[in-house]
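Asker: I would like the atomic coordinates for the input below:
(2 chains)
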Amino acid sequence: MIKLYNTITGRKETLKPVTDGKVGIYACGPTVYDYFHIGNARVFIFFDVLRRYLNYRGYNVTFVQNYTDIDDKMIKRAREMGISVKEVADIFIKAYEEDTAALGILPADHHPRATEHIPQIIGLIQRLIDNNLAYDVEGDVFFDVAAFPDYGILSQQNLEELVSGARVEIDHRKRHPMDFALWKKEKEGEPSWESPWGRGRPGWHIECSAMSMYYLGETLDIHGGGQDLIFPHHENEIAQSQGATGKPFARHWVHVGYLNLEHEKMSKSLGNVLTIRELRKIADPLALRFFILSAHYRNPINFSREYLEQAAKGMERLNTVIYNLKDRLGRVDTGSPDDRENALLDLLQSCREKLIAVMDDDLNTAEALAVLFELAKATNTYLNRPEGQKKNVLEPILNFYNDMDTIFGFMKNESSAILEKELEELIARREEYRRQKEWASADAIRDRLKEQGIILEDTPQGVRWKVIADEKKGTK
RNA sequence: GGCGACAUAGCCAAGUGGCAAGGCAGAGGACUGCAAAUCCUUUAUCCCCGGUUCGAAUCCGGGUGUCGCCUCCA
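Answerer: Numbers count the residues shown, from 1 in each chain, chains lettered A, B, ... in the order given. Sure thing, here's the model as predicted:
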């Protein structure tokens, strides 16, 4: 039984998909006018883990995340760069794909673009006009909030409260100050499409309603994004979608908390935006993933280089235990487990159960990681014991970690650039120096290999080596 | 003005009624030729003041502080 906090009710609620065994998730994606930043990354990483976890729990998940490729910011950027809006979108979608891949984020099942769903958008607007929830004024179409009684349900505010706090300019063509644009009349030199109301382009909110329902049906199981989308974006999506269909738009509204940078909200005006593009130059992007997962998704978190380094070291600890397991597994045989080994296998089982329990409870990734650390300690203790280890004890533990990696996705799989034969030769030579107690010569070999990114470790079971790839050295 | 979040060790961070998880850093020890890795030991008046309760970090009331949303925003 998986529980998720639902913004619309303010409670954790059991996930009950529309169709048993299937889950449709729609997450609001980026406006592709620039590189995305570490705050955006928090949302993308959360939804990546959510869909991976639901998949692990046996659901058939369809995950949709849009690209907003037409709006004011896109148009502005195209002018600045002296290229078309389409070209801006192509550049930053490609960058998005590269940067998310570096963060271990899997591609969604669908990444629809607003400009490729104009017919669906127009159809939805027409339904709203037919239902007397939208009106056309001189080629602009607005949503009539006063005609939709549930307006404000998500942000828990009524219309009067919203108006009193609003800092918007009054557009006198609107029936109500909070009415928002579904369709914007064409302006000179901007991309536009034919519609029943004349040439124009979609408003910001309508694309998500249109595309989510097109791919996932009229009631989504899970919809969400960053907390700042609650109002107005998701509020407006509810109005548009429910206004058209008369059905609940999403069963679960999931919103991810902010990630601040050095205790400040990131914003262009403060000039403190850290993009993943930039982060990738100075640190391991997977350390950011680990850092983000080490706190609960609804709590605000603060980012700094220091915290990222702490996270990188913790992540390294888990990667090391996996490395330790793999290394030892190649040197041991099967046998019947003794009492202490049975106790370890019992612990493995209880860790598995505990991990599922904490993840089922509103995706508590912080506790889940603690479980992985707990098992790591017991495993390391076992690997240290002089009586030796058994394959049929080590293997299930390694399998567990591999399973967990399909959810959390921060494990490293290093490969060596140096030829293994050459390496074995150097190790053998160093062993000879060590036998002769020629420590300086032995250490020279170790230092030389380290410069090439290969770490030698002397263990009671013999010398072993591992590769540290350049971009994966943690923070640099 | 309206709505809301957060405050737990040097740092990060779980825990929402029953002896305060986990990670990072520090100190001491074991192991090691030295390293690396690992293990052991060690570190908390849970922001303040009241209340409810046999029992509160957890529930209620009141403070204080930090921050967010109500405008484009993840």
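Asker: worst-scoring helix or strand of chain A, pLDDT-wise?
Answerer: helix A:159-165 (a mean of 72; mean pLDDT, DSSP states H and E).
Asker: How far off centre is it?
Answerer: Its chain's C-alpha centre and that of helix A:159-165 lie 34 Å apart, by Cα atoms, centre = their mean, to the nearest Å.
Asker: Now it: buried residues?
Answerer: A:159, A:162 (16 or more other Cβ atoms under 10 Å). Every residue, glycine included, has its C-beta placed from N, CA and C.
Asker: which residues touch the helix or strand just after it?
Answerer: For helix A:159-165, the following helix or strand on the C-terminal side (DSSP states H and E) is strand A:181-185. Outside of strand A:181-185, the residues within contact range by Cβ atoms under 8 Å, 6 or more residues apart in numbering are A:122, A:125, A:128, A:134, A:138-143, A:195, A:197-206, A:240.
Asker: Secondary structure element holding A:Asn40?
Answerer: helix A:38-56.
Asker: What of A:Gly271?
Answerer: Secondary structure (DSSP H and E) places A:Gly271 outside all helices and strands.
Asker: Quick check, pLDDT for it.
Answerer: pLDDT, A:Gly271: 72.
Asker: Could you pull up the residues touching it?
Answerer: With Cβ under 8 Å, 6+ apart, A:Gly271 has no contacts at all.
Asker: Would you quantify the distance from it to A:Asn302?
Answerer: 18 Å (Cβ to Cβ, to the nearest Å).
Asker: what's the burial count for the closest residue to RNA strand B within the stretch 201-350 of chain A?
Answerer: Residue of the stretch 201-350 of chain A nearest RNA strand B, by Cβ to the nearest atom of the strand: A:Gly226 (1.4 Å). A:Gly226: 20 surrounding residues under other Cβ atoms under 10 Å.
Asker: residues contacting it?
Answerer: A:28, A:39-40, A:42-43, A:255-256, A:258.
Asker: Tell me if I am right that A:Met411 is in a strand.
Answerer: No: counting by DSSP: H, G, I helix; E, B strand; the rest coil, A:Met411 is located in no strand; its state is coil.
Asker: Name the residues that touch the host helix or strand of A:Thr320?
Answerer: Under the criterion of DSSP H and E, A:Thr320 resides in helix A:305-329. Helix A:305-329 is contacted by residues A:283-284, A:286-288, A:290-291, A:294, A:369, A:372-373, A:376, A:379-380, A:383, A:389, A:391, A:394-395, A:397-398, A:401, A:410-412, A:461, A:464, A:466, A:474-475 when judged by Cβ under 8 Å, 6+ apart.
Asker: Next step: those residues restricted to strands.
Answerer: A:464, A:466 (DSSP state E).
Asker: out of the contacts of helix A:305-329, which are inside helices?
Answerer: A:286-288, A:290-291, A:369, A:372-373, A:376, A:379-380, A:383, A:391, A:394-395, A:397-398, A:401 (DSSP state H).
Asker: thought A:Met211 was touching A:Gln120?
Answerer: Yes: between A:Met211 and A:Gln120 there is a contact at 6.7 Å, judged by Cβ atoms under 8 Å.
Asker: Which one's more surrounded, those two?
Answerer: A:Met211 (24 against 20).
Asker: Against RNA strand B, how distant is the closest residue to the more buried one other than its chain neighbours?
Answerer: Take A:Met211 and drop its neighbours on the chain: the residue closest to it by Cβ to Cβ, 6 or more residues apart in numbering is A:Pro112, 4.6 Å away. From A:Pro112 across to RNA strand B, the span is 16 Å (Cβ to the nearest atom of the strand, to the nearest Å).
Asker: hang on, the earlier thing: using PyMOL, define a selection of the buried residues within the contacts of helix A:305-329.
Answerer: Buried subset of the contacts of helix A:305-329, written as a PyMOL selection, criterion 16+ other Cβ under 10 Å:
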select buried, chain A and resi 283+284+286+287+288+290+291+294+369+372+376+379+383+389+394+397+398+401+410+411+412+464+466+474+475
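Asker: Would you list the buried entries among the contacts of A:Gly226?
Answerer: Buried residues within the contacts of A:Gly226, counting neighbours by 16+ other Cβ under 10 Å: A:28, A:39-40, A:42-43, A:255-256, A:258.
Asker: Format these as a markdown table; extra columns: distance to RNA strand B and pLDDT.
Answerer: As requested, the buried ones among the contacts of A:Gly226 are exported to a markdown table (distance: Cβ to the nearest atom of the strand, whole Å; pLDDT from 0 to 100):
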| residue | distance to RNA strand B | pLDDT |
| --- | --- | --- |
| A:Cys28 | 5 | 92 |
| A:Gly39 | 3 | 91 |
| A:Asn40 | 4 | 92 |
| A:Arg42 | 5 | 94 |
| A:Val43 | 5 | 94 |
| A:His255 | 8 | 92 |
| A:Val256 | 6 | 92 |
| A:Tyr258 | 4 | 88 |
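Asker: Follow the chain on from the helix holding A:Thr320 and name the next helix or strand.
Answerer: Heading C-terminal from helix A:305-329 (DSSP H and E), you reach helix A:339-360.
Asker: Which of the helices or strands spans A:Leu449?
Answerer: Element membership for A:Leu449 (DSSP H and E) is helix A:439-451.
Asker: Residues contacting that helix, please?
Answerer: For helix A:439-451, the surrounding residues in contact (Cβ under 8 Å, 6+ apart) are A:418, A:423, A:426-427, A:429-430, A:433-434, A:455-456, A:465.
Asker: surely A:Thr379 meets A:Leu398?
Answerer: No: A:Thr379 lies out of contact with A:Leu398 (Cβ under 8 Å); the separation is 9.2 Å.
Asker: returning to what we had before: keep only those of the contacts of strand A:181-185 that are also close to RNA strand B.
Answerer: Near RNA strand B, taking Cβ under 7 Å from any atom of the strand as the test, the members of those found are A:Trp204.
Asker: mind listing which of the contacts of strand A:181-185 are in helices?
Answerer: Those of those lying in helices (DSSP H): A:122, A:125, A:128, A:206, A:240.
Asker: Format those residues as a markdown table; extra columns: distance to A:Asp338, neighbour count and pLDDT.
Answerer: Converted to a markdown table, these look like this (distance: Cβ to Cβ, whole Å; neighbours: other Cβ atoms under 10 Å; pLDDT from 0 to 100):
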| residue | distance to A:Asp338 | neighbour count | pLDDT |
| --- | --- | --- | --- |
| A:Ile122 | 71 | 22 | 97 |
| A:Ile125 | 71 | 27 | 96 |
| A:Leu128 | 70 | 25 | 96 |
| A:Ile206 | 65 | 28 | 95 |
| A:Gln240 | 64 | 28 | 95 |
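Asker: Just the buried residues from the contacts of helix A:439-451, in ChimeraX please.
Answerer: The ChimeraX selection below is limited to those of these classed as buried (16+ other Cβ under 10 Å):
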select /A:423,426,427,430,433,434,456,465
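Asker: Thank you, goodbye.
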